[in-house]
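K.L.:
need coordinates for the below:
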Amino acid sequence: MPQPPQNRQIHLISRPSGLPSLENFKLCINQVPEIKKNEILIRVHYLSVDPYMRGRIGGRRSSHPPFPINQPANGDGVGQVVQSNHPDFHTGDFVSGYLDWADYSIASADQLWKFNPNEISPTTALSVLGMPAMTAYFGLLDIGKPQTGETIAISAAAGAVGMIVGQIAKIKGCHVIGIAGGDTKIQYLLKELQFDGAVNYKKSDWAQTLHAACPEGIDIYFDNVGGTITDEAMKLLNRHARVVLCGQISSYNLEQPDIGPRNFRHLIVKSAMAKGFLVIPDYKHRFQEGRDQLLEWLKQKKIKPYETITQGLENIPKAFLGLFSGENLGKQLVQV
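P.N.:
Predicted coordinates:
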């Protein structure tokens with residue numbers, strides 16, 4: 001009788017102070033779990049790592065509960081059903097959902113979205129149709145409310161969320177300015193995605209470049225970063241501007257709280273609005289609406305996916321840490 005396959009898992013074994021390290025994680029090997037009524041066993045193919053997970057590692061509760069200690073970490077992933085105790089899912093089905101950082105993961109039916117791999121690639125299910133894309137879609141359209149001819153500036157514009165925000169803004173007829181780190185990212189935004197301008201914040205004159213790129217001010221600022229970049233963008237807000245507060249990656253690894261809130265006077269004198277949101281739970285009930293529209297734009301080639309793919313389950317912690325040094329272009333995935 002053949003031995004059941006082993007199940008490699010990535011556990012969080014300690015909570016960091018400041019920037020996480022590889023020592024906070026451990027590769028563990030256990031048996032493949034057995035499923036109960038209405039559960040599905042999935043062979044994991046790809047896993048997503050995202051900046052919001054820093055709060056989960058540190059034990060902070062937000063849209064998702066903290067990662068437990070000495071248990072598998074988890075997040076968005078895609079895979080194939082290998083065993084099902086639910087009538088709507090069958091062996092061989094491709095699914096996307098909330099999965100363990102492991103070779104095999106159990107999920108309930110209400111956690112999963114089934115897709116056709118002949119129409120949607122597994123990586124696209126996590127990038128253009130995944131949670132970061134939903135963040136971009138609803139954050140921009142529901143809060144930013146872009147209008148033709150308006151100027152939008154996007155921080156972390158070459159990341160998973162920012163890249164989709166910029167492409168949707170182009171579809172809506174906006175003048176799109178991306179803020180990113182490094183010449184490779186800047187050239188991708190300008191040449192491949194046809195942004196109207198791009199600012200390399202790693203250069204000493206980045207603030208002057210931002211002002212020059214937005215001669216008529218900023219109508220929408222999509223904020224993924226916070227910190228000094230947001231301070232500078234706030235100075236350029238136009239009357240009735242909208243600031244979409246999506247992320248604050250500049251402060252995620254600080255050992256002491258950042259200064260702020262600050263620069264609110266710009267909101268006052270410009271009658272502007274700043275609004276934060278969590279795509280889960282705020283928009284979870286509308287995800288299919290977002291997927292349908294993004295898939296249509298994808299088929300029309302109005303949106304281009306870009307994924308940075310790291311090989312090997314054991315390298316998930318390394319891929320995650322790379323998010324905070326800007327190593328990824330587009331969506332960071334791990335092929336298990």
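K.L.:
what kind of secondary structure is the residue nearest the centre of the chain in?
P.N.:
Central residue of the chain (C-alpha atoms, centre = their mean): residue 132, 3.5 Å from the mean position. Three-state assignment for residue 132 (DSSP: H, G, I helix; E, B strand; the rest coil): helix.
K.L.:
my guess is it contacts residue 52, does it?
P.N.:
No: the criterion here is C-beta atoms under 8 Å, and residue 132 misses it with residue 52 at 9.3 Å. The way it works is simple: take the backbone N, C-alpha and C, and place the C-beta from them, glycine included.
K.L.:
so for the residue nearest to the centre of the chain, what's the pLDDT?
P.N.:
Residue 132 carries a pLDDT value of 94.
K.L.:
for it, list the residues it contacts.
P.N.:
48, 50, 159-161, 164, 331 (C-beta atoms under 8 Å, 6 or more residues apart in numbering).
K.L.:
what bits of the stretch 101-250 of the chain have low per-residue confidence?
P.N.:
Low-confidence segments of the stretch 101-250 of the chain (pLDDT under 70): 249-250.
K.L.:
can you map out the helices along it?
P.N.:
For the stretch 101-250 of the chain, helices defined by DSSP state H, counting those that start in this stretch occupy the ranges 122-126, 131-138, 160-171, 183-187, 206-213, 227-235.
K.L.:
just the CA atoms of the first one, as CSV, please.
P.N.:
These are the backbone C-alpha positions of helix 122-126, laid out as CSV (Å, rounded to 0.1, in the frame of the first residue of the first chain):
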residue,chain,number,x,y,z
PRO,A,122,-4.0,30.1,-12.5
THR,A,123,-1.6,33.1,-12.1
THR,A,124,-4.1,35.5,-13.6
ALA,A,125,-6.7,34.3,-11.1
LEU,A,126,-4.4,35.7,-8.4
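K.L.:
what residues are bridge-paired with the spatially closest residue to residue 276 that is not a sequence neighbour?
P.N.:
Spatially, and ignoring its direct neighbours in sequence, residue 276 is nearest to residue 245 (3.8 Å; C-beta to C-beta, 6 or more residues apart in numbering). Beta-bridge pairing for residue 245 (DSSP bridges): residue 223, residue 276.
K.L.:
can you pull the contacts of residue 245?
P.N.:
Residue 245 touches 223, 274-277, counting by C-beta under 8 Å, 6+ apart.
K.L.:
quick check: the gap between it and residue 126.
P.N.:
24 Å (C-beta to C-beta, to the nearest Å).
K.L.:
go on, residue 141?
P.N.:
In terms of C-beta to C-beta, residue 141 sits 21 Å off from residue 126.
K.L.:
give me the more crowded residue out of those two.
P.N.:
residue 126 (28 against 16; other C-beta atoms under 10 Å).
K.L.:
tell me the SS of the spatially closest residue to residue 171 that is not a sequence neighbour?
P.N.:
The shortest distance from residue 171 to any non-neighbouring residue, by C-beta to C-beta, 6+ apart, is to residue 302 (5.5 Å). What three-state DSSP gives for residue 302 is coil.
K.L.:
mind listing what residue 47 touches?
P.N.:
Neighbours of residue 47 in contact, by C-beta under 8 Å, 6+ apart: 75-77, 99, 101, 313, 316, 333-334, 336.
K.L.:
same check on residue 159?
P.N.:
132, 180, 224, 328, 330.
K.L.:
what bridges to it?
P.N.:
residue 330.
K.L.:
and for residue 215, the neighbour number?
P.N.:
8.
K.L.:
that one and residue 175, how far apart?
P.N.:
Counting by C-beta to C-beta, the gap from residue 215 to residue 175 is 10 Å.
K.L.:
count of neighbours near the residue nearest to residue 171?
P.N.:
Applying other C-beta under 10 Å, I find that residue 302 has 13 neighbouring residues.
K.L.:
and it, what pLDDT?
P.N.:
97.
K.L.:
how about it, phi and psi?
P.N.:
With angles defined as degrees, to the nearest 10, residue 302 shows backbone torsions of phi -90, psi -20.
K.L.:
I'd say it and residue 172 touch.
P.N.:
No: the criterion here is C-beta under 8 Å, and residue 302 misses it with residue 172 at 10.7 Å.
K.L.:
what does the helix or strand where residue 80 lies rub up against?
P.N.:
Using DSSP states H and E, residue 80 sits in strand 74-84. Residues outside strand 74-84 that contact it (C-beta under 8 Å, 6+ apart) are 35, 40-50, 53, 67, 89-101, 104-105, 122-123, 125-126, 130-131, 336.
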